[in-house]
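Chemist: Quick one, fold the following:
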Amino acid sequence: MSGELLVPSKVYMKFGVHIGTHSLAEPMRQYVHSKKAGVYLIDIRKTDERIRIAAKMLANYEPEQIFAFAMRIYAQKPLLMFSKWTGIIARIGKYYAGILTNPSLPQYVEPEIVFVSDPMKEANIIREANKIGVPVVALADTSNEPYNVDLVIPCNNRGRKALALIYWLLANQYLRERDMLGVDETIDDPVENFMVFL
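Modeler: Numbers count the residues shown, from 1 in each chain. Okay, here's the model as predicted:
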């Protein structure tokens, strides 16, 4: 562990976790540190803090009570790796309407908490989670408007390297919170194994 951050700031930078978009949604303003060449840059200390808070929040639930979804290609492998290490329920790809609200669907799940990698792409899941009254945790970029999200992790949620690092950090921190990893221990898979290679 590196001082106050989960990984050194230069690692966050190397993986592009801080790189936002050209637009800024008002709710995300509080997480922005500056603007460079027209791109909003996210404060990695806030990202780091939110990863810790999210891991602590998720650790209050059994893995089978957590449902995570990723539609974006670059988020799919990291999410599946996160699921491999934590045991949470993960689904990727196509979204089926009613997945949280229609018990007659074969894809139906009854989670206690929902985790999404993009509040815009996965807005329907957030809507369903709100309808059944379960909290939502979301990775959100500077252009996202996470109005119905209970906990935002501000980060680059489009880049393959950034997503790999975020999910790797979340896996480690979740396991630490559940006393399955020591404070200075990490899982056996390096962050590169969470990355999508196309």
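Chemist: check contacts around residue 39.
Modeler: 19-22 (Cβ atoms under 8 Å, 6 or more residues apart in numbering). Any C-beta I mention is one placed from the backbone N, CA and C, and that applies to glycine too.
Chemist: now residue 130
Modeler: Residue 130 neighbours (Cβ under 8 Å, 6+ apart): 136, 148.
Chemist: Just to be sure, residue 11 is in a helix?
Modeler: Yes - under DSSP: H, G, I helix; E, B strand; the rest coil, residue 11 sits within a helix.
Chemist: related to what we said a few turns ago, any chance of the contacts of residue 39 in JSON lines, with distance to residue 196, pLDDT and secondary structure too?
Modeler: Putting those into JSON lines (distance: Cβ to Cβ, whole Å; pLDDT from 0 to 100; DSSP: H, G, I helix; E, B strand; the rest coil) gives the following:
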{"residue": "19", "distance to residue 196": "17", "pLDDT": "97", "secondary structure": "strand"}
{"residue": "20", "distance to residue 196": "20", "pLDDT": "96", "secondary structure": "coil"}
{"residue": "21", "distance to residue 196": "20", "pLDDT": "96", "secondary structure": "coil"}
{"residue": "22", "distance to residue 196": "24", "pLDDT": "96", "secondary structure": "coil"}
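Chemist: Select only the buried ones of those residues in PyMOL?
Modeler: Buried subset of the contacts of residue 39, written as a PyMOL selection, criterion 16 or more other Cβ atoms under 10 Å:
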select buried, resi 19+20+21
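Chemist: how about the helix ranked longest in the chain as PDB, C-alpha atoms only?
Modeler: If you go by DSSP state H, the chain has its longest helix at helix 160-177. C-alpha atoms of helix 160-177 as PDB (Å, rounded to 0.1, in the frame of the first residue of the first chain):
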ATOM      1  CA  ARG A 160      -9.600  -0.400 -21.200                       C
ATOM      2  CA  LYS A 161      -6.600   0.300 -19.000                       C
ATOM      3  CA  ALA A 162      -8.500   2.600 -16.600                       C
ATOM      4  CA  LEU A 163     -11.300   0.000 -16.200                       C
ATOM      5  CA  ALA A 164      -8.900  -2.800 -15.600                       C
ATOM      6  CA  LEU A 165      -7.200  -0.900 -12.800                       C
ATOM      7  CA  ILE A 166     -10.500   0.300 -11.200                       C
ATOM      8  CA  TYR A 167     -12.000  -3.300 -11.100                       C
ATOM      9  CA  TRP A 168      -8.600  -4.700  -9.900                       C
ATOM     10  CA  LEU A 169      -8.500  -2.200  -7.000                       C
ATOM     11  CA  LEU A 170     -12.100  -2.800  -6.200                       C
ATOM     12  CA  ALA A 171     -11.600  -6.600  -6.100                       C
ATOM     13  CA  ASN A 172      -8.600  -6.200  -3.700                       C
ATOM     14  CA  GLN A 173     -10.300  -3.600  -1.500                       C
ATOM     15  CA  TYR A 174     -13.600  -5.600  -1.300                       C
ATOM     16  CA  LEU A 175     -11.600  -8.700  -0.200                       C
ATOM     17  CA  ARG A 176      -9.700  -6.700   2.400                       C
ATOM     18  CA  GLU A 177     -12.900  -5.300   3.800                       C
END
